[in-house]
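Visitor: With the input below, show me the fold.
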Amino acid sequence: MKTIKTTGARSAIMAGLLSLALVGCGAGAGSGSSSANASSASNQAASSALSVSSAASTASGDSILNTADLFTDRDMQQTADTSSATKISVQDNTNVTIDKEGVYVLSGSASNVTINVTADDTAKVQLVLDGLTIQNTNTPAICVTSADKVFVTTAKGSTNKLTVTDAFATDEQTKADAVVFSKDDLVLNGEGSLEISSSQNGVSSHDDLKVTGGTYVINSQEDALEANDNVLVAGGAITITSQKDGIHAENDEDNTTGNVYISNANLTIDAKGDGIQATAALQIDSGVLAVTAAEGLEATYIQVNDGNINVTATDDGINGSNKSTAYTPTIEIRGGNLVVEMGQGDTDALDVNGNLYISGGTVDISAQSAFDYDGEGSLTGGTVYVNGEQVDTLQNSMMGGGQGGGMMGGHGGGMMGQQGGDMQGGMPGGRDGGMQGSMQG
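Guide: You can find the predicted model right below:
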């Protein structure tokens, strides 16, 4: 495998050095990883402020995430200044190494090629994809082992495709397991399209992953979009088909991070696992989301402020789990239009190991069990429908027995089957009863 090493010069040709040396993810050498670790530490400290919004205050009106500084002006800029860019046309079996800050325009069609970014940990590198097709067997198409931040920008009107067909061959240091892999902050933007097909993960960042523009079609055997710290989406049209999770944010070493933020985006997710999973917080401020999954949305604290959201699920529609010590498990719906359609069986539309608050928006649920919460439950605003009927209270099915329960469960599934959870359920079946209530249902 040859390597073409760019020098960051302003030439419009493929400047650089042909070498038989194996560099970066494409060769499994993991070069530049020490710089990447230093950058990761500083970025992790900066992003930690994202999750410090008091869970106690959110129910009184604050956003769960501090969104003021999530995106820089350059993050949101959908075009690149290519007047001084280095232009690179990919070739079969020839890796490209970028070790200097700058703008690089990538084009051409090739196989067994990795674009390796091994720049200084203060460098900002912008990769402009302008008609780029790469098909690899077992290595990433783009691999960042060291930089401050890397932008992957699709040029206006361009069509780009990146594919990895077999299991990734990775070393212990790099552990690259995605078609687009980064050990540092990664931004996807632009005005073109990018199709990603992966035998494992689609796009992965060990720090923050941001999407602010562009059109994406991602087909992955594992997670489609994932990050250790935060997945932050503020634009773009994203279509995901995943055999695992659609969007996944989790840091194995710090359960107070792992957040997902969504606004102004159009997302279509079909996932075998979770549609969107965040360890700590999931905040949706706007956009159009259509999620089909085993579990639609999952996080410790879920806050919906606006947007048009459709969830179709076979396990839990929206699940406030207990994964992070940063928050009390909570589902909070303050606005937007939310439709949740559940499959048959032991399923819950809104299921939380803590508190459930609805204060605005429209919630339309089709399910045997609409609400399952362990803590407080309050409906103080908005419009809520359950199986076609408007409701003015949150009837808890926490102890089992779904809404519409059948022989062994009641409408609300209380201690002994009465609607709303009375202690003494009646023997007769029906909407308010059940044979012995939800202790058995």
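Visitor: drop to CA atoms for contacts and neighbour counts, all remaining ones
Guide: Fine.
Visitor: Kindly confirm whether my reading is correct that Ile240 touches Ile218.
Guide: Yes. Between Ile240 and Ile218 there is a contact under CA atoms under 8 Å: 4.9 Å.
Visitor: joint contacts of those two?
Guide: Residues touching both Ile240 and Ile218 by CA atoms under 8 Å, 6 or more residues apart in numbering: Ala224.
Visitor: dump the residue contacts of the residue most central in space within the chain.
Guide: Nearest to the mean C-alpha position of the chain, by CA atoms, centre = their mean, lies Ile247 at 2.7 Å. Residues near Ile247 by CA under 8 Å, 6+ apart: Asp223, Ala224, Leu225, Glu226, Val231, Asp274, Gly275, Ile276, Gln277.
Visitor: switch to 6 Å and redo it
Guide: The contact partners of Ile247, taken as CA atoms under 6 Å, 6 or more residues apart in numbering, are Leu225, Glu226, Ile276.
Visitor: among these, which ones are buried?
Guide: Applying 16 or more other CA atoms under 10 Å to those, the neighbour count classes Leu225, Glu226, Ile276 as buried.
Visitor: a markdown table please, covering the residues you listed and showing distance to Ala110.
Guide: Compiled in a markdown table, those are given as follows (distance: CA to CA, whole Å):
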| residue | distance to Ala110 |
| --- | --- |
| Leu225 | 24 |
| Glu226 | 26 |
| Ile276 | 33 |
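Visitor: got a list of what Leu225 touches?
Guide: Listed by CA under 6 Å, 6+ apart, the contact set of Leu225 reads Val203, Ile247.
Visitor: Roughly how far does it sit from Glu250?
Guide: According to CA to CA, to the nearest Å, Leu225 and Glu250 sit 11 Å apart.
Visitor: Check Thr118 too.
Guide: Thr118 sits 25 Å away from Glu250, going by CA to CA.
Visitor: Ok, Tyr104 next?
Guide: Separation of Tyr104 from Glu250 (CA to CA) stands at 31 Å.
Visitor: and Ala293, what are its bridge partners?
Guide: Counting by DSSP bridges, Ala293 is bridged to Ala313.
Visitor: Could you verify my assumption that it touches Asn310?
Guide: No. Using CA atoms under 6 Å, Ala293 is not in contact with Asn310, being 11.1 Å away.
Visitor: which one of these two has more residues nearby?
Guide: Per other CA atoms under 10 Å, whichever of Ala293 and Asn310 has more neighbours is Ala293, with 26 against 20.
Visitor: So what pairs up with the residue nearest to the centre of the chain in the strands?
Guide: Here Ile247, judged by DSSP bridges, has bridge partners Leu225, Ile276.
Visitor: Do you know the pLDDT at it?
Guide: In the prediction, the pLDDT value recorded for Ile247 is 98.
Visitor: One more: Ala38?
Guide: Per-residue pLDDT puts Ala38 at 29.
Visitor: what do you get for Tyr104?
Guide: Listed pLDDT for Tyr104 reads 98.
Visitor: Pull the number of nearby residues for it.
Guide: 24.
Visitor: Parallel or antiparallel, list what pairs with the host helix or strand of it.
Guide: In the assignment (DSSP states H and E), Tyr104 maps to strand 102-111. Next to strand 102-111 in the sheet, as set by DSSP bridges, lie strand 86-89 (parallel), strand 124-136 (parallel).
Visitor: Residues contacting the last one, please?
Guide: The set of residues external to strand 124-136 that reach it, using CA under 6 Å, 6+ apart, is 101-112, 148-155, 158-164.
Visitor: now swap in stretch 153-163 and tell me
Guide: With CA under 6 Å, 6+ apart, stretch 153-163 has contacts from 128-135, 188-198.
Visitor: So for that stretch, what gets flagged as buried?
Guide: Residues Thr153, Thr154, Ala155, Lys156, Ser158, Thr159, Asn160, Lys161, Leu162, Thr163 are the ones in stretch 153-163 that count as buried (16+ other CA under 10 Å).
Visitor: what sits against the residue lying closest to the fifth one once chain neighbours are set aside?
Guide: Here the nearest residue to Ser158 in space, its sequence neighbours aside, is Gly192; by CA to CA, 6 or more residues apart in numbering that works out to 4.8 Å. Gly192 makes contact with Thr154, Ala155, Lys156, Gly157, Ser158, Gly214 under the criterion CA under 6 Å, 6+ apart.
Visitor: tell me the pLDDT at the second one?
Guide: In the predicted model, Ala155 carries a pLDDT score of 98.
Visitor: now it: how far from Leu194?
Guide: For Ala155, the distance to Leu194 - CA to CA - is 10 Å.
Visitor: do the same with the last one
Guide: Note on Gly214: its distance to Leu194, by CA to CA, is 8 Å.
Visitor: Could you do the fifth one as well?
Guide: According to CA to CA, Ser158 and Leu194 sit 8 Å apart.
Visitor: Alpha carbons only: can I get stretch 328-345 in CSV?
Guide: Presented in CSV, the C-alpha positions along stretch 328-345 are these (Å, rounded to 0.1, in the frame of the first residue of the first chain):
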residue,chain,number,x,y,z
THR,A,328,-33.0,12.1,37.7
PRO,A,329,-34.7,10.0,35.0
THR,A,330,-37.3,12.3,33.4
ILE,A,331,-39.4,12.7,30.3
GLU,A,332,-40.4,16.3,29.8
ILE,A,333,-42.7,17.4,26.9
ARG,A,334,-43.0,21.1,26.6
GLY,A,335,-44.0,21.6,22.9
GLY,A,336,-44.2,20.2,19.5
ASN,A,337,-46.3,17.5,17.9
LEU,A,338,-45.5,14.0,19.1
VAL,A,339,-47.1,10.8,17.7
VAL,A,340,-46.2,7.5,19.4
GLU,A,341,-47.5,4.2,18.0
MET,A,342,-46.7,1.0,19.9
GLY,A,343,-46.7,-2.6,18.9
GLN,A,344,-48.6,-5.3,20.8
GLY,A,345,-47.4,-7.0,23.9
